[in-house]
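>>> Here you go, sequence then predicted model.
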Amino acid sequence: MTPDEARLSISDLYRATRDAIGGTWEVGTRTWVSCRASSGKEGASFHLGAQRSAADLPDDPSVIAQRVRTLWSSTGIPAEIYFDESIPQYRLSYPRQGAGPGPDGYILRLAVGEKFADFSGSSRCVPGDSYELDLGEVGRHDE
């Protein structure tokens, strides 16, 4: 996987998730971070974090969580849904909640509560220098 493919894997999934939920979203984080691939080599992982505005959600959070789980499943991501009573919110997670990153650093999270949604994703670790790749993100707004 190339750095462009890694960035697009997360950006495309974010856009599909955003479109499945609807509303106005703000990308708060889009950056490359250093990582170590399962091969032991240093590399970079693309991270994107976005939040939906506090406006009312179009459906019950449980319905939205299930809709996004179905969407992610259709792309080969077997996310699990958890209910967190402390906030309260539904959380989709791949790998499963508390398991840490998946293969080569891949991790996806979505939290959906009564008036919010929060997406966070990190790509697989790919060859490249996170600093140099991050410089290429300046001014990019393809989400």
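Thanks, I have the structure now.
>>> Low-confidence regions, this structure specifically.
Low-confidence segments of the chain (pLDDT under 70): 98-100, 103, 138-143.
>>> the helices in it, which residues?
Taking DSSP state H to define them, one finds helices in the chain at 3-21, 61-74, 130-135.
>>> could those go into TSV alongside distance to Ser39 and mean neighbour count?
Heads up, the C-betas are built off the backbone N, CA and C, glycines and all. Shown next, in TSV, are the helices of the chain (distance: least, CB to CB, whole Å; neighbours: other CB atoms under 10 Å):
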stretch	distance to Ser39	mean neighbour count
helix 3-21	15	18
helix 61-74	26	17
helix 130-135	17	14
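>>> want to throw these into a markdown table with distance to Val112?
What follows is these, written out as a markdown table (distance: least, CB to CB, whole Å):
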| stretch | distance to Val112 |
| --- | --- |
| helix 3-21 | 8 |
| helix 61-74 | 4 |
| helix 130-135 | 29 |
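>>> nearest to Gly49, of the ones you listed?
Nearest to Gly49 among the helices of the chain is helix 3-21 (9.1 Å), distances taken as CB to CB.
>>> I would like the residues contacting the closest one, please.
1, 25, 27, 32, 44-48, 50, 52, 57-58, 64, 67-68, 71-72, 75, 77, 108, 110, 112, 117, 119, 121-124, 126-128, 133, 142-143 (CB atoms under 8 Å, 6 or more residues apart in numbering).
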